[in-house]
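[1] Can you look at this prediction? I've put the sequence above it.
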Amino acid sequence: MRGRSQMIHFKEIGSELLEEIKTLYWREGWSAYLDDDASLRRAFDNSLFTLGVFDDVELVGFIRCIGDGEHAVIIQDILVDDEHKRQGLGRQLVKIVFEKYASVRWVQVNTDMADERANGFYRSLGMKTLEQAGIISFIRLTLN
């Protein structure tokens, strides 16, 4: 396992890194993103903000946000590869989003209720559940 490199840096990314992005999704088991390259490319091209974290030149994580950037921002995806987890990179990615969109009414992320690790991570960043915030959300879910 590699330790944290001195070459860790962050920069905005887009669909030009589609293959590297797909590799991270695949490693995390997020297979729903892997069936249609054209759709995934459009998703990244139409995102509000996508920030990659690099170890030297290797993409080792990213955060992707959607929304209007004025009233609502949704963290759609946040991934850090296994070799770089537990080094604060995910926390840094979220904090950059919080700082960039500090004047936005809300920043939201959706995750599985049963994912205790993810839920603990978001709570540690001061995020609340919709219920705690006095908000209800509705969703129309289309499964293929």
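    Happy to help now that I have it.
[2] Give me the pLDDT for the spatially most central residue of the chain.
    The centre of the chain sits closest to Ile78, judged by CA atoms, centre = their mean, with a distance of 2.1 Å. On pLDDT, Ile78 comes in at 96.
[3] doesn't Ile63 make contact with it?
    Yes - contact criterion CB atoms under 8 Å: Ile78 and Ile63 qualify, at 4.6 Å. Placement of C-beta: from N, CA and C, glycine included.
[4] Now do the strands in the chain.
    For the chain, the strands defined by DSSP state E occupy 8-12, 49-55, 58-67, 72-80, 106-109.
[5] can you list those in JSON lines and add distance to Gln132?
    Below are these laid out as JSON lines (distance: least, CB to CB, whole Å):
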{"stretch": "strand 8-12", "distance to Gln132": "30"}
{"stretch": "strand 49-55", "distance to Gln132": "25"}
{"stretch": "strand 58-67", "distance to Gln132": "21"}
{"stretch": "strand 72-80", "distance to Gln132": "17"}
{"stretch": "strand 106-109", "distance to Gln132": "13"}
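[6] Which among these is found nearest to Arg86?
    Using CB to CB as the measure, strand 72-80 is the one of the strands of the chain that comes nearest Arg86, at 8.9 Å.
[7] Sketch out the low-pLDDT regions of this structure for me.
    Where the chain drops to pLDDT under 70, the residues are 1-6, 144.
[8] Now with 90, please.
    Residue ranges of the chain with pLDDT under 90: 1-6, 28-33, 35, 112-113, 115, 137-144.
[9] Overlap in contacts, Ile78 and Ile63.
    Leu93, Val94 (CB atoms under 8 Å, 6 or more residues apart in numbering).
[10] what's the burial count for the residue nearest to Leu48 when sequence neighbours are not counted?
    The shortest distance from Leu48 to any residue other than its chain neighbours is 4.8 Å, reached at Cys65 (CB to CB, 6 or more residues apart in numbering). Applying other CB atoms under 10 Å, we find 22 residues neighbouring Cys65.
[11] who's Cys65 bridged to?
    On the basis of DSSP bridges, Cys65 is bridged to Phe49, Ile75.
[12] I'd like the distance between it and Ile75.
    Counting by CB to CB, to the nearest Å, the gap from Cys65 to Ile75 is 6 Å.
[13] Mutual contacts of the two, please.
    Common neighbours of Cys65 and Ile75 (CB under 8 Å, 6+ apart) are Val97.
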